[in-house]
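**Student:** Here is a sequence together with a model predicted from it:
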There are 2 protein chains.
Amino acid sequence: MEFSQLKAFICVAENHSFSITANQLHLTQPAISKRISTLEEQLGCILFDRIGHHIQLTQAGEVLLPRAIKVLQEVEDCKKQLHRLNDCVSGKLALASSHHIGLHRLPEILKTYAKEYQDVDLDFQFIESEQACEAVRTGQIELAVITLPLEPDGKLQTIELWNDPLICMVNKEHPMCTLSEVCLEQLASYSMLLPEKETFTRQIIERPFFNHQLKLKARMTTNELESLRMMVEIGLGWSILPKSMLREPLVEIQVVDLHLDRKLGLVRNKDRILSSSAEAMINLLLSTRDVRLGV
Amino acid sequence: MEFSQLKAFICVAENHSFSITANQLHLTQPAISKRISTLEEQLGCILFDRIGHHIQLTQAGEVLLPRAIKVLQEVEDCKKQLHRLNDCVSGKLALASSHHIGLHRLPEILKTYAKEYQDVDLDFQFIESEQACEAVRTGQIELAVITLPLEPDGKLQTIELWNDPLICMVNKEHPMCTLSEVCLEQLASYSMLLPEKETFTRQIIERPFFNHQLKLKARMTTNELESLRMMVEIGLGWSILPKSMLREPLVEIQVVDLHLDRKLGLVRNKDRILSSSAEAMINLLLSTRDVRLGV
DNA sequence: GGAGTTTACGTCCTCCGTAAAAATA
DNA sequence: TATTTTTACGGAGGACGTAAACTCC
């Protein structure tokens, strides 16, 4: 059974005529005749009585007609809804972010989004930036708002949103506080605290020291910047953290020739088609983009 | 959009695999690949994300899946119902009969039928036998139980059910009652009453007199045998009526070499497919067939 | 004779399968 | 390397259109 056959069948049933149907469907009479007879053959029952030139439905035809109409109606609805997908934001959005961003940057945005797009079923979770990239790569999540990786990934599209300057900070009672500024060598001589291995932020921090063949005296690592700050606050050593996290009793240490920052932004899979909900989220995020990035 | 495409789409969505789908549908992998890509092209949207070897639905695919399943379900239901038509008696039955048969032969049959086949929507009407034949010919009614025509009609199938002997009857005070039997010539000399022109019964009555070049002295005609009998009863003349209608104050007159009867039965259109309800009615009517007809 | 349906036949197009390439695990 | 999807190409089957036969009005 084919859609074209059902279309012809319905048209013939409504017009009681093969030739009128042929005109309406822009085909020839024999084509319609064949379509109907093929349909009848495949269904194993006659659909029309041909009483001279008068065509009328058999009992089987009467049964089929309303169902055929319903089927074609369904198909039309399908097409309409698919076309409307582009205009209407709905469906599910699997979104992830790192803890730090999720706590400091996203709350306002998520609030606006949830209010604006109430039809979206938002699935939000905290994942480490690196794991988030992997989840985007495998398609488990659609968007991730994270610390962007230093190395581009052929399968991932990254969009920078915010610049997050990183500064060196210590407890105000640290010996370095007496110095107006320090150099990398001095800094490396003090014990310090690092984010966990394999994190993008750690790579950013380590790079300048590596370039100068300096080895860092890392006393501890942790996976969350919040706990890293806590450790700095209780005097376990210096660290490099987002400037926005500076607060009592921490103070910034000026380091010669060290101007670090990390790029925060979103990641998506190049191979995936964007859902309407994800597209809306991207647009919302872009509207909060740092103007400095635009330069 | 084609059914085969929807089938492939559903199968791929369920298996997350083109190759497994190909096996299940007894096709090759490239065939499935093409079906899906054609469907995507026609719908104007991508249905699956191809993330490496992992296949998963896009938002558009998620929208289409339940609807596609519904459409195919509908189609399956159609086929089932059409196949079940043969086993189940339902639908509409447009049936007609002449007054006389409807009043004397059908009541019991209709009662049985209505009780046995409660799903049938019975449309029963009284029509003169000749008009009933015409209505069957044009397809307005499906079956007619009537006095069968003398001449066969190429488009109509007639099935004899009952033999209805016709006898000559008069009011018991009629002069002919004194005779033990009469001949055709004597009969023709008395005024009489005839069914309306163009009726099958009238043709049957007139034929023997016509064959003997006798002219009937018809005083009146009427379209119903009941009223014909009434006229005979009040002494307007003799008539020829079904033997079953004989009653006080009517008596039968024995006529030499006159053995008339009419065949009662059903008529259907050879060009029309029998509905299940009509088939059931035919079977019921056949079970009441006069055994003498079987000889 | 005119209109409508069916049948017959030639052509074109579509869809499938095979084979090879590209990409991924 | 082995598996999966995509692309390319050749062949078979189906669908349409033209033309003619048949039927009915």
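**Tutor:** Ah, there it is.
**Student:** quick one, helices of the stretch 101-250 of chain A?
**Tutor:** Ranges of helices within the stretch 101-250 of chain A are A:106-116, A:129-138, A:184-189, A:200-211, A:225-233, based on DSSP state H, counting those that start in this stretch.
**Student:** what about the ones you listed, which gets the closest to A:V256?
**Tutor:** The closest of these to A:V256 is helix A:184-189. By CB to CB, the value is 7.3 Å. In short, each C-beta sits where N, CA and C put it, glycine included.
**Student:** Using CSV, list the CA coordinates for that closest one.
**Tutor:** Output of helix A:184-189 as CSV, limited to C-alpha atoms (Å, rounded to 0.1, in the frame of the first residue of the first chain):
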residue,chain,number,x,y,z
LEU,A,184,58.2,33.3,37.9
GLU,A,185,61.3,31.8,39.5
GLN,A,186,60.5,33.3,42.9
LEU,A,187,56.9,32.1,42.6
ALA,A,188,58.0,28.6,41.7
SER,A,189,60.1,28.4,44.8
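**Student:** pLDDT (mean, whole number) over that helix?
**Tutor:** In this model, helix A:184-189 has a mean pLDDT of 92.
**Student:** how many other residues sit next to A:S276?
**Tutor:** 21 (other CB atoms under 10 Å in any protein chain shown).
**Student:** And for A:I273?
**Tutor:** A:I273 - counted by other CB under 10 Å - has 18 other residues nearby.
**Student:** Give me the three-state assignment for it.
**Tutor:** Here A:I273 is recorded as coil under DSSP: H, G, I helix; E, B strand; the rest coil.
**Student:** got the contact list for it?
**Tutor:** Counting by CB atoms under 8 Å, 6 or more residues apart in numbering or on different chains, A:I273 makes contact with B:C45, B:I46, B:D49, B:T58, B:Q59, B:A60.
**Student:** Buried residues, the lengthiest helix in chain A. List them.
**Tutor:** Longest helix in chain A, counting residues (DSSP state H): helix A:59-84. Buried residues in helix A:59-84, counting neighbours by 16 or more other CB atoms under 10 Å in any protein chain shown, are found at A:59-65, A:67-68, A:71-72, A:74-75, A:78, A:82.
**Student:** Residues of the stretch 1-150 of chain A that sit close to chain B?
**Tutor:** Taking CB under 8 Å from any CB of the partner chain as the measure of proximity, the stretch 1-150 of chain A contacts chain B at A:1-3, A:43-46, A:49-52, A:54, A:56, A:58-60, A:62-64, A:67-68, A:70-71, A:74-75, A:77-79, A:81-83, A:85, A:91-92, A:137-139.
**Student:** From those residues, list the ones also adjacent to DNA strand D.
**Tutor:** Among the residues of the stretch 1-150 of chain A next to chain B, the residues lying close to DNA strand D (CB under 7 Å from any atom of the strand) are A:E2, A:I51, A:G52, A:H54.
**Student:** who wins for neighbours among these?
**Tutor:** Among these, A:I51 has the most neighbours (other CB under 10 Å), with 17 neighbours.
**Student:** Contacts only, for that one.
**Tutor:** A:I51 neighbours (CB under 8 Å, 6+ apart): B:R137, B:T138, B:G139, B:N269, B:D271, B:R272.
**Student:** what about 10 Å?
**Tutor:** Contact analysis of A:I51 by CB atoms under 10 Å, 6 or more residues apart in numbering or on different chains lists B:V136, B:R137, B:T138, B:G139, B:K155, B:N269, B:K270, B:D271, B:R272.
**Student:** Not counting its neighbours along the chain, what's nearest A:I101?
**Tutor:** A:V145 (5.5 Å; CB to CB, 6 or more residues apart in numbering or on different chains).
**Student:** where does the residue nearest to the spatial centre of chain A land on pLDDT?
**Tutor:** When CA atoms, centre = their mean is applied to chain A, the residue found nearest the centroid is A:L143 (2.6 Å). On pLDDT, A:L143 comes in at 94.
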